[in-house]
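Chemist: Dropping a prediction and its sequence here:
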Amino acid sequence: MVLDRLSRGLSRAARITHTEHLPPREGRHAVWPDRIRTDVVAAIQAAGIAHPWEHQAAAAEHALDGESVVVATGTASGKSLAYLAPVLSALADGAEAPNGRGVTALYLAPTKALAADQRRAVRELAAPLGNAVRPAVYDGDTPVEEREWVRQYANYVLTNPDMLHRGILPAHPRWSSFLKALRYVVIDECHTYRGVFGSHVAQVLRRLRRLCARYGSEPVFLLASATASDPAAAASRLTGVPVTEVADDASPRGEVVFALWEPPLLTDLKGERGAPVRRTATAETADLLTDLVVQGVRTVAFVRSRRGAELISVIAQERLAAVDRSLPPRVAAYRGGYLPEERRALERALHSGELLGLAATSALELGVDVSGLDAVLITGYPGTRASLWQQAGRAGRSGQGALAILIARDDPLDTYLVHHPEALFRQPVEATVLDPDNPYVLAPHLCAAAAELPLTETDLTLFGPAAHDLLPQLEAAKLLRRRATAWHWTRRERASDLTDIRGGGGRPVQIVEAATGRLLGTVDESSAHTAVHDGAVHLHQGRTYLVKHLDLEDSVALVEEASPPFSTTARDTTSISVLETDTEIPWGQGRLCFGSVEVTNQVVSYLRRKLITGEVLGETKLDLPPRTLRTRAVWWTVTEDQLDEARINPEILGGALHAAEHASIGLLPLFATCDRWDIGGVSVPLHPDTLLPTVFVYDGHPGGAGFAERAFHTARAWLTATRDAIAACECEAGCPSCIQSPKCGNGNDPLHKRGAIRLLTRLLSEAPPAPATPPTP
């Protein structure tokens with residue numbers, strides 16, 4: 001049995017803090033609705049699928065009834081077939097129309113790789129239907145000479161929201177015949193559309209619906225999601241139309257053993273300010289990947305950063321070379337940012353079985369439909385329970401037993417989770433957070449909509465209640481002009497260039513090898529200060545580069561190949577001012593508040609950390625300009641009496657607040673669908689706007705992303721988990737597992753662990769029992 005073989009790879013089992021056994025599940029079959037064409041059913045059967053699962057048949061029935069539907073079931077549960085059956089049936093019906101293109105369908109994926117994989121799957125499945133189904137990818141990699149054919153002849157176009165925003169909607173007259181015949185819009189992996197990115201995609205979909213109405217069509221939305229809380233509400237908020245959910249997973253599942261793994265403390269090393277140091281999750285994952293590959297176990301190791309994926313791959317290859325020279329080529333790294341030809345080659349190797357071990361970022365999680373995996377290694381909590389189960393579900397996809405291991409990073413959230421398994425295995429997955437009414441998101445899409453077709457009063461209801469209030473501001477900025485009954489775009493440049501829907505803003509920074517001029521890849525403008533600053537270490541396809549110069553004006557980072565024995569981590573400093581308080585509630589004498597703030601942030605230095613151990617080798621100052629951000633925040637204040645009762649004197653006040661701030665940022669992803677790097681924080685012993693000791697946690701995106709609002713609503717549970725995580729850590733005075741932050745520009749000084757515990761305990765003793773009242777929209 002595969003699990004017996006896998007268990008032999010866990011020779012360091014003392015590091016396992018918990019093992020969860022997920023029992024196998026029997027599948028429940030159904031029959032396809034009668035309205036699915038018999039030749040489509042025959043094609044599905046020819047692919048080896050005799051009968052659909054109950055949830056597939058139910059979703060197809062809703063689609064055929066003209067009801068938008070979201071299928072929110074586990075990984076490998078056949079979500080693709082649930083929407084493909086009605087889509088292929090409709091396309092085949094349309095192919096029999098006089099013009100041969102009576103029906104079209106649009107497929108949206110969050111990544112190019114996933115769209116490419118879906119095209120392969122559709123071509124194989126629909127092969128018996130001949131020319132009735134003509135799938136084609138239309139994205140930034142599509143050659144110019146192919147694009148006209150796609151517009152004129154393809155009836156199933158696979159693309160991504162970025163291309164829809166920049167390439168299809170602004171050129172809608174050239175797509176008029178396609179849009180006129182549009183029956184279905186498929187939105188795959190829709191749970192990934194959260195925060196600022198999700199809010200942008202929601203407005204892009206409203207622009208699509210507006211143009212479809214102009215051409216006389218009203219498409220049905222078919223959405224596929226990982227298991228999520230209230231998927232129908234999230235899908236409706238994303239699309240702007242009522243959506244029915246199908247969430248009862250009827251597919252079979254093999255037994256899964258899910259282990260929580262905590263790397264050991266390194267007794268011979270001390271970290272910043274003498275803190276204990278754990279072996280890095282990256283090093284542990286590389287060891288586990290090596291063990292499993294040696295045993296012939298097909299394994300994917302998910303890691304959150306590009307650099308981490310490259311590093312795990314390199315370490316595993318080096319260790320495999322000492323065992324068997326034939327094994328290193330069977331391990332590779334896969335991440336976003338690769339050039340198209342590199343990405344496609346890795347995908348082919350994975351599909352063919354040539355690769356046995358893969359270190360991957362979420363570009364793979366959302367990239368290709370991998371199958372036949374025996375094990376999944378998850379390097380650090382991926383930010384949400386939905387993503388955790390999405391990644392773990394890649395193992396055991398054919399119903400066989402499988403292994404999943406979550407390897408904890410040295411931070412508060414991961415440490416909390418490996419010691420509180422109930423937070424992973426006994427809690428529902430999160431709700432998807434997005435805010436389409438965010439004015440920073442909505443304004444550029446109103447401009448883009450007006451450039452596509454003049455914007456009328458009737459259109460405004462489509463874009464939400466905030467649209468009407470924004471128009472005078474857009475007129476004052478001379479972006480829109482009202483003529484008669486409509487608003488018109490006034491500029492020569494493309495309105496769709498006003499925003500980057502991935503939320504970063506600005507044009508991507510190109511990473512260029514200085515000696516050759518070769519383009520290695522790109523990084524978002526918003527990440528450039530922390531990722532490719534002068535002196536930063538950058539890894540690409542197993543090769544290490546040092547950034548020689550970051551040119552912010554030309555958006556270029558010049559690098560040269562090198563082999564430094566360290567990695568780099570940027571550090572920043574932050575100040576904050578309150579612009580407006582939307583809602584506040586008393587916590588005893590203190591207050592819990594939610595509102596708008598202005599944040600000034602500056603990357604000031606970077607640390608050099610020894611590879612494998614994470615030991616700090618030194619710090620180098622940087623001279624980068626500050627960045628200003630208007631966003632949304634949650635903050636809490638405490639009074640002098642509360643501090644006295646918690647035995648917090650002025651000498652330790654700054655350290656107690658600072659420690660509580662760091663830990664609360666680390667724990668928030670457990671309650672909001674965010675990443676630690678999506679949010680920031682500031683703590684001040686006496687803030688000029690509140691005139692009290694204050695801790696702020698803010699969204700790291702213009703206008704907010706919904707994360708701070710979620711923190712406000714769940715403040716009692718969030719801060720309770722924060723206190724518990726600090727208290728449970730085995731260190732004496734604070735470490736990266738509880739109160740130290742890797743990006744703290746103040747060098748994690750001052751910090752006071754026991755003060756933070758007493759402060760949070762006192763605050764929580766006066767917290768209201770009921771959840772906070774939602775702020776008024």
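Modeler: Nice, thanks for sending it over.
Chemist: Check which helices and strands whichever helix in the chain runs longest sits against.
Modeler: The residue-count maximum for a helix in the chain (DSSP state H) belongs to helix 195-214. When contacts are defined as 3 or more C-beta pairs under 8 Å, 6 or more residues apart in numbering; DSSP states H and E, helix 195-214 sits against helix 161-163, strand 182-187, helix 231-239, helix 439-452. All C-beta atoms are positioned from the backbone trio N, CA, C, and that covers glycine.
Chemist: Off-centre distance for it?
Modeler: Relative to the chain's own centre, helix 195-214 is displaced by 19 Å; criterion: C-alpha atoms, centre = their mean, to the nearest Å.
Chemist: in it, what counts as buried?
Modeler: In terms of neighbour count (16 or more other C-beta atoms under 10 Å), helix 195-214 has its buried residues at 195-212.
Chemist: mean confidence for stretch 261-271?
Modeler: The average pLDDT within stretch 261-271 is 82.
Chemist: Same check on stretch 47-54?
Modeler: pLDDT averaged over stretch 47-54 gives 96.
Chemist: so where do the strands sit in the stretch 201-350 of the chain?
Modeler: Taking DSSP state E, counting those that start in this stretch as the criterion, the stretch 201-350 of the chain carries its strands at 220-225, 244-246, 256-261, 265-270, 276-278, 299-303, 331-334.
Chemist: Residue 711: which of those is closest?
Modeler: strand 220-225 (23.3 Å; C-beta to C-beta).
Chemist: elements contacting the closest one?
Modeler: Using 3+ C-beta pairs under 8 Å, 6+ apart, strand 220-225 sits against helix 54-64, strand 69-72, helix 79-95, strand 182-187, helix 231-239.
Chemist: what inclination does that strand have with respect to helix 54-64?
Modeler: 160 degrees (axes from the mean of the first three to the mean of the last three C-alpha atoms, to 10 degrees).
Chemist: Where do the helices of the stretch 501-650 of the chain begin and end?
Modeler: Under the criterion DSSP state H, counting those that start in this stretch, the stretch 501-650 of the chain contains helices at 525-531, 640-645, 650-667.
Chemist: from these, which stretch is densest packed?
Modeler: Ranked by mean neighbour count, the helices of the stretch 501-650 of the chain are led by helix 650-667 with a mean of 25 (mean count of other C-beta atoms under 10 Å).
Chemist: Return the alpha-carbon coordinates of the very next helix or strand once past that one using CSV.
Modeler: Downstream of helix 650-667, the next assigned helix or strand under DSSP states H and E is strand 679-684. Presented in CSV, the C-alpha positions along strand 679-684 are these (Å, rounded to 0.1, in the frame of the first residue of the first chain):
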residue,chain,number,x,y,z
ILE,A,679,-1.4,43.4,5.6
GLY,A,680,0.8,45.6,7.8
GLY,A,681,0.8,47.0,11.2
VAL,A,682,1.9,49.9,13.4
SER,A,683,2.0,50.2,17.2
VAL,A,684,2.5,53.5,19.0
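Chemist: Strand 679-684 pairs with which strands, parallel or anti?
Modeler: strand 694-699 (antiparallel) (DSSP bridges).
Chemist: Tell me the first helix or strand C-terminal of the partner strand.
Modeler: Next along the chain from strand 694-699, counting by DSSP H and E, comes helix 707-713.
Chemist: could you say what helices and strands that next one packs with?
Modeler: Against helix 707-713 (3+ C-beta pairs under 8 Å, 6+ apart) you get strand 590-610, strand 627-637, strand 694-699.
Chemist: Nearest to residue 92, out of those?
Modeler: strand 694-699 (45.9 Å).
Chemist: most tightly surrounded among the helices and strands packed on strand 220-225?
Modeler: Buried most deeply of those, by mean count of other C-beta under 10 Å, is strand 69-72, with a mean of 28.
Chemist: which residues touch the residue lying closest to residue 22 once chain neighbours are set aside?
Modeler: Closest residue in space to residue 22, ignoring its immediate chain neighbours: residue 256 at 4.2 Å, by C-beta to C-beta, 6 or more residues apart in numbering. Residue 256 makes contact with 21-22, 392, 395-396, 401-404, according to C-beta atoms under 8 Å, 6 or more residues apart in numbering.
Chemist: Check residue 181 too.
Modeler: Residue 181 neighbours (C-beta under 8 Å, 6+ apart): 94, 101-104, 155, 217.
Chemist: quick one: which of those residues is most hemmed in?
Modeler: Using other C-beta atoms under 10 Å as the neighbour test, these are led by residue 155, with 26 neighbours.
Chemist: ok, now how distant is it from residue 88?
Modeler: 10 Å (C-beta to C-beta, to the nearest Å).
Chemist: what is in contact with those two at once?
Modeler: What both residue 155 and residue 88 touch, as defined by C-beta under 8 Å, 6+ apart, is the set residue 133.
Chemist: Looking at the helices and strands packed on helix 707-713, which one is packed in the most?
Modeler: strand 694-699 (a mean of 26).
Chemist: does residue 740 sit in a helix, a strand or a coil?
Modeler: coil (DSSP: H, G, I helix; E, B strand; the rest coil).
Chemist: circling back: between the helices of the stretch 501-650 of the chain, which one is closest to residue 577.
Modeler: When those are compared (using C-beta to C-beta), the closest one is helix 650-667, at 16.6 Å.
Chemist: What angle do strand 627-637 and that closest one make with each other?
Modeler: Using the same axes, to 10 degrees: helix 650-667 against strand 627-637 is 110 degrees.
Chemist: Can you spell out which helices and strands pack onto helix 650-667?
Modeler: helix 412-419, strand 679-684, strand 694-699, helix 715-728, helix 753-765.
Chemist: quick one: the strands in the stretch 1-150 of the chain?
Modeler: Using DSSP E, counting those that start in this stretch, strands in the stretch 1-150 of the chain cover 16-22, 69-72, 104-108, 135-137.
Chemist: among those, which is nearest residue 416?
Modeler: Using C-beta to C-beta, the nearest of these to residue 416 is strand 16-22, at 11.3 Å.
Chemist: Check the offset of the closest one from the chain's centre.
Modeler: With C-alpha atoms, centre = their mean as the basis, the mean position of strand 16-22 lies at 26 Å from the chain mean.
Chemist: Kindly format the C-alpha coordinates of it as PDB.
Modeler: Provided in PDB are the C-alpha atoms of strand 16-22 (Å, rounded to 0.1, in the frame of the first residue of the first chain):
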ATOM      1  CA  ILE A  16       5.400  15.400  13.800                       C
ATOM      2  CA  THR A  17       3.100  17.200  16.300                       C
ATOM      3  CA  HIS A  18      -0.200  15.700  15.000                       C
ATOM      4  CA  THR A  19      -1.400  13.100  12.500                       C
ATOM      5  CA  GLU A  20      -4.900  13.300  11.100                       C
ATOM      6  CA  HIS A  21      -6.300  10.200   9.300                       C
ATOM      7  CA  LEU A  22      -9.000  11.200   6.800                       C
END
